[in-house]
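Student: mind looking at a prediction? Sequence and model below.
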Amino acid sequence: MQAILKKLIIVFLLTLPCMGMAQSDTRLLMMQMRNGKIYFDNTYSLDSSHKKEELFNKALGWFKATFPYPEVNSITTNAGKGEISGTGVFKIITSNSGHYYWIKFTVNIIVLNATYELKLYDFYEKPIEPGISNEYSKIEYRWWDFRQGKPWSPEDQILFNGLNKNINDMLSSLERAMNK
């Protein structure tokens with residue numbers, strides 16, 4: 001009896017980490033949120049020698065280079081206020097069979113002397129795969145279900161990992177551009 005109990009305990013202890021990963025893989029992903037929606041709002045301090053006009057031009061150049069899709073991108077600028085607003089777009093490939101998603105969101109950059117603020121919000125997804133409507137829809141419902149362990153599709157893990165990676169790469173890219 002003790003030998004069986006020991007084997008059960010060993011099997012349980014060996015499989016426990018695997019069970020934890022299987023149940024929590026959709027929760028490992030962290031994104032900034034506000035009111036249940038994906039919402040990034042970061043303020044960055046720079047060297048005090050950076051002036052507003054210089055930072056504005058750097059941010060505008062970065063924006064145009066990062067989101068070169070004129071058919072979906074509109075940019076509004078106000079140099080006096082140091083504000084740039086527009087639409088950001090990412091393509092995230094989710095399968096070897098060619099499925100992908102367009103992720104569209106609002107980008108707002110406000111520059112001041114030696115600082116800038118970046119806000120990303122109003123995220124929409126547009127799946128490109130057979131049998132699914134190819135319209136943009138808010139991504140929050142899908143994100144909510146994914147975080148609750150109820151993904152809509154097996155590709156959701158790849159989709160949200162891709163979104164997270166693209167956002168982090170974009171934040172790093174802007175930081176490098178602003179610090180030049």
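Tutor: Thanks, I have the structure now.

Student: where do the helices sit along this protein?
Tutor: 2-24, 52-66, 140-147, 156-179 (DSSP state H).

Student: what does stretch 97-109 contact?
Tutor: 38, 59, 63, 67, 72, 83-94, 116-129, 136, 139, 155, 159, 162-163, 166, 174 (Cβ atoms under 8 Å, 6 or more residues apart in numbering). Every residue, glycine included, has its C-beta placed from N, CA and C.

Student: what about that stretch, average pLDDT?
Tutor: For stretch 97-109, the mean pLDDT works out to 94.

Student: for stretch 48-62, same thing?
Tutor: 94.

Student: quick one: distance of that stretch to the chain centre.
Tutor: Centroid separation between stretch 48-62 and its chain, computed with Cα atoms, centre = their mean, to the nearest Å, is 24 Å.

Student: do the same with stretch 168-180
Tutor: That offset, for stretch 168-180, works out to 15 Å (Cα atoms, centre = their mean).

Student: tell me which residues in that stretch are buried?
Tutor: 170, 174, 177-178 (16 or more other Cβ atoms under 10 Å).

Student: hmm, which two among those residues are most spread apart?
Tutor: By the measure Cβ to Cβ, 170 and 178 form the most distant pair in those, at 12.5 Å.
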